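>>> sequence-free structure coming up:
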């Protein structure tokens, strides 16, 4: 099967869907409801115990390979093979040369459920004089408020952090510009940061405190996702260490901030360590242009890319100039121009007439030019990637080449980012360089749902994710090849017939064709697929194909599809036709996508459960509806009404059914866990989980959800209950994954502080192996426990 994907527009998908419910809701906790929960019955106090089985000892990524936008690569200039990669939604990584893989460095302390937005990394800076020290500025979007600066003294193994006095947009437009954060190479306790909205900032104490550099401007713009601001800082210094302040500096200023602040150029210079700044006269051709990247050669020449537009996938007009700087009397020399694909990035190696320049193309206007290389300081150019051998020829690496880096220790090793990760060549000097992905253990897919089949099924799981779609995973260590749509699409949900797991149905959005809703089925475990011949009412509209859209399968050819914000429909003929159920219509609340969450009773597939979470924290109380005719007609569970389930957005709630016992349902309403053993007639609230409210009132949303996601898996040997129960939530003030082997009587924490993954939104238990669960982190792909 030919596997292709093109994630050139990752941001719109993430912002339109994930940010609304998964990021803002799932992790920071947009939840709550009117009044406190008052269940029909309450369980006795629950004990915490370690007797329910050991915690996970390690975690491993399920293999996809990249799958998301890496926005920057930062090499240490003095230590070979030390490099960092930053991503827009999936945190940061450090290269491990011993294993030829990337090590995630933003999974642990500082990256818990309430800190998901800090998996958006806007800039990384290294200490040139100390290869152990690294800095990282985080914040998913300007709308999340002020960012953080993370500081590590052991290459990202551990972090401390301080709050920054300005917002950060790691997943906003233009997120590969920069680097915005830089340390003075000879006095690295001095840091400068080019912010998106508030100009230039300086720290003189290794990032602990910050002050605005008013010598450039004191103006602050209104925060918006399109703001670019001050995009880069460069120190005019080739030395490292010694303690002397670098006096000569440059800062690139985007047109939006220049216009707002009354600045007259896109490039400014300081000769007194940043105290005051004067405009640099740029060539008339590029007046008012953006500077996505500029680099300095060891001889003091600068190489500056100018684009008329800005952001990912930009096309021309674009220009690359060499700027002499102080050492060469500020002369400008035009090296290359383009009216098709825009210049996304530039890197240099060497000096003088033999300077090697690598130039990355951001747009798709000219696909015959992807990476241009000059070995004579820009006098001539040749293409070294488009049309060249690729180890993964079915994966397009064209476009969004918005950061390119020549290894400072090996001029033939060139890497660049793209919408699906990192690609590299080790023989750039060859007439036909070979390229291959560099994404081993760099997993940035955004899983929306994960489903595990019964024990003995011919596959491990079904992963439904944003931008890459739905895939059936038969080998956890290999990129999957079984999926219905290899192009740019969202997989929102999937399910299988429990008694016949080779029959699979999945629903999602075809992003390449207007984000319209699509549904597919497979009768052979995902080897072959076909689209449903028809769609239920509402399912095809892009607005109803958001991540809340979900499907449940009762038996082969029989399914119920709940489009977002719509009445679910059922099919009895494998999607040839659909009939609306009698479930009440839903009202969209506050822009949060809403849907009935559908689950099938595996012991009796005539029983189907539909959970309406209330839509938003100020919505009506959650309700459960029960069908006894295969999901055709439903009746409101009065027991769920009596339980007074808290109203919450769809993305912070969950429901699962024990496949070993008829009528055994578990539900997380965002704040607490409920259990029914009589098909939803009555519900018992477990007094174990409780949200962390911070300074908010209980009628608002919590800082951290008390119980947002739950899963069931294979029971422990000799356990009193037929399934292990896993809940993502808060027990005794501690957020994590908690497990019970005795139907909720006792609980133990299953993960630890080193494995928080920026929060967890989707989770499934394995029915073959006790103690194995599959979880998504924030932009961290799918991860399983050992």
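That came in fine, so what should we check first? The shown structure was predicted, so the numbers you read here are calculated from the model rather than taken from an experiment. Residues are numbered from 1 along each chain as shown.

>>> next up, the contacts around residue 690.
671, 672, 706, 730 (C-beta atoms under 8 Å, 6 or more residues apart in numbering). All C-beta atoms are positioned from the backbone trio N, CA, C, and that covers glycine.

>>> now the residues you listed in JSON lines, with distance to residue 590, pLDDT and secondary structure?
Formatted as JSON lines, those follow (distance: C-beta to C-beta, whole Å; pLDDT from 0 to 100; DSSP: H, G, I helix; E, B strand; the rest coil):
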{"residue": "671", "distance to residue 590": "18", "pLDDT": "96", "secondary structure": "coil"}
{"residue": "672", "distance to residue 590": "22", "pLDDT": "98", "secondary structure": "coil"}
{"residue": "706", "distance to residue 590": "21", "pLDDT": "97", "secondary structure": "coil"}
{"residue": "730", "distance to residue 590": "24", "pLDDT": "98", "secondary structure": "strand"}
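
>>> which pair in those spans the largest distance?
672 and 730 (10.2 Å; C-beta to C-beta).

>>> which residues are common contacts for the two?
Shared contacts of residue 672 and residue 730, defined by C-beta under 8 Å, 6+ apart, comprise 689, 690, 706, 707.

>>> which of those fall within strands?
residue 707 (DSSP state E).

>>> the shared contacts of residue 672 and residue 730: which two are farthest apart?
Farthest pair in the shared contacts of residue 672 and residue 730, by C-beta to C-beta: 690 and 707, 8.5 Å.

>>> of the shared contacts of residue 672 and residue 730 - the most surrounded one?
residue 707 (29 neighbours; other C-beta atoms under 10 Å).

>>> contacting residues for that one?
Contacts of residue 707 (C-beta under 8 Å, 6+ apart): 654, 668, 669, 670, 671, 672, 673, 689, 727, 728, 729, 730.

>>> pull out the buried residues from stretch 539-551.
Neighbour counts over stretch 539-551 (16 or more other C-beta atoms under 10 Å) mark 539, 540, 541, 542, 544, 545, 546, 547, 548, 549, 550, 551 as buried.

>>> now do it: distance to the chain's middle.
20 Å (C-alpha atoms, centre = their mean, to the nearest Å).

>>> ok, stretch 322-333 next?
That offset, for stretch 322-333, works out to 40 Å (C-alpha atoms, centre = their mean).

>>> ends of that stretch, what's the gap?
This stretch, stretch 322-333, spans 5 Å end to end (C-alpha to C-alpha, to the nearest Å).

>>> swap in stretch 218-230?
End-to-end span of stretch 218-230 (C-alpha to C-alpha): 12 Å.

>>> equivalent analysis for stretch 268-285, please.
Rule used - C-alpha to C-alpha; the end-to-end distance of stretch 268-285 is 17 Å.

>>> so the residue nearest to residue 489 when sequence neighbours are not counted versus residue 274, what's the distance?
Counting by C-beta to C-beta, 6 or more residues apart in numbering, residue 469 is the residue found nearest to residue 489 once chain neighbours are left out, at 4.4 Å. Distance, residue 469 to residue 274, by C-beta to C-beta, to the nearest Å: 47 Å.

>>> between those two, who's got more neighbours?
The residue with more neighbours, out of residue 469 and residue 274 and counting by other C-beta under 10 Å, is residue 469; that gives 27 against 23.

>>> could you identify the helix or strand that succeeds the strand or helix carrying that one?
In this structure, residue 469 sits in strand 469-473 according to DSSP states H and E. Under the assignment DSSP H and E, the closest C-terminal helix or strand after strand 469-473 is strand 490-497.

>>> what's the mean pLDDT across that following strand?
When pLDDT is averaged along strand 490-497, the result is 98.

>>> partners of it, with directions?
Sheet pairing of strand 490-497 (DSSP bridges) gives strand 500-510 (antiparallel).

>>> relative to strand 469-473, how tilted is the strand it pairs with?
Per axes from the mean of the first three to the mean of the last three C-alpha atoms, to 10 degrees, the angle that strand 500-510 makes with strand 469-473 is 160 degrees.

>>> just checking, next helix/strand downstream of strand 500-510?
strand 516-522.

>>> give me the contacts around that following strand.
Contacts of strand 516-522 (C-beta under 8 Å, 6+ apart): 470, 472, 482, 484-485, 489, 502-510, 528-532, 535, 539-542, 544-545, 549, 551, 559, 561, 563, 574-575.

>>> pairing partners for it, with directions?
Strand 516-522 sits in its sheet next to strand 500-510 (antiparallel), strand 530-531 (antiparallel), going by DSSP bridges.

>>> beyond the last one, next helix or strand please.
It refers to strand 530-531. Next along the chain from strand 530-531, counting by DSSP H and E, comes strand 550-555.

>>> same for that next one, what does it pack against?
Helices and strands touching strand 550-555, by 3 or more C-beta pairs under 8 Å, 6 or more residues apart in numbering; DSSP states H and E, are strand 490-497, strand 500-510, strand 558-562, strand 597-600.

>>> make CSV from the ones you listed and add distance to residue 617 to it.
Converted to CSV, the helices and strands packed on strand 550-555 look like this (distance: least, C-beta to C-beta, whole Å):
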stretch, distance to residue 617
strand 490-497, 22
strand 500-510, 26
strand 558-562, 21
strand 597-600, 17
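
>>> residue contacts, the closest residue to residue 778 other than its chain neighbours?
Closest residue to residue 778 apart from its sequence neighbours, by C-beta to C-beta, 6+ apart: residue 758 at 3.3 Å. The neighbours of residue 758, taking C-beta under 8 Å, 6+ apart as the test, are 27, 91, 106-107, 111-112, 115-116, 118-119, 777-780.

>>> please read off the pLDDT at residue 34 from the model.
pLDDT at residue 34 comes out at 28.

>>> no wait, residue 25
So residue 25 comes in at 35 (pLDDT).

>>> same thing with residue 15?
With respect to pLDDT, residue 15 scores 32.

>>> do residue 20 as well
33.

>>> for residue 41, same thing?
44.

>>> got the residue ranges for the helices in the stretch 601-750 of the chain?
638-643 (DSSP state H, counting those that start in this stretch).

>>> mind checking how far residue 443 is from residue 62?
Using C-beta to C-beta, one obtains 8 Å as the distance from residue 443 to residue 62.

>>> hey, what's in contact with both of the two?
Common contacts of residue 443 and residue 62 (C-beta under 8 Å, 6+ apart): 781, 782, 783.

>>> okay, those in TSV with neighbour count, secondary structure and pLDDT next?
Listed next are the shared contacts of residue 443 and residue 62 as TSV, based on neighbours: other C-beta atoms under 10 Å; DSSP: H, G, I helix; E, B strand; the rest coil; pLDDT from 0 to 100:
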residue	neighbour count	secondary structure	pLDDT
781	28	coil	96
782	26	strand	98
783	21	strand	98
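
>>> which among these gets closest to residue 569?
Nearest member of these to residue 569, counting by C-beta to C-beta, is residue 782, at 29.4 Å.

>>> which strand residues bridge that closest one?
Beta-bridge partners, per DSSP bridges, of residue 782: residue 776.

>>> need the contact list for it.
Contacts of residue 782 by C-beta under 8 Å, 6+ apart are 61-62, 64, 443, 445, 447, 450, 461, 463, 465, 774-776.

>>> same check, this time on residue 118
106, 110, 111, 138, 139, 140, 147, 148, 150, 758.

>>> for residue 97, same thing?
Taking C-beta under 8 Å, 6+ apart as the criterion, residue 97 is in contact with residue 81.

>>> which of the strands paired with strand 516-522 sits closest to residue 584?
Short answer: strand 500-510, nearest of those by C-beta to C-beta, at 20.9 Å.

>>> list the buried residues for the closest one?
Buried-residue list, strand 500-510, by 16+ other C-beta under 10 Å: 501, 502, 503, 504, 505, 506, 507, 508, 509, 510.
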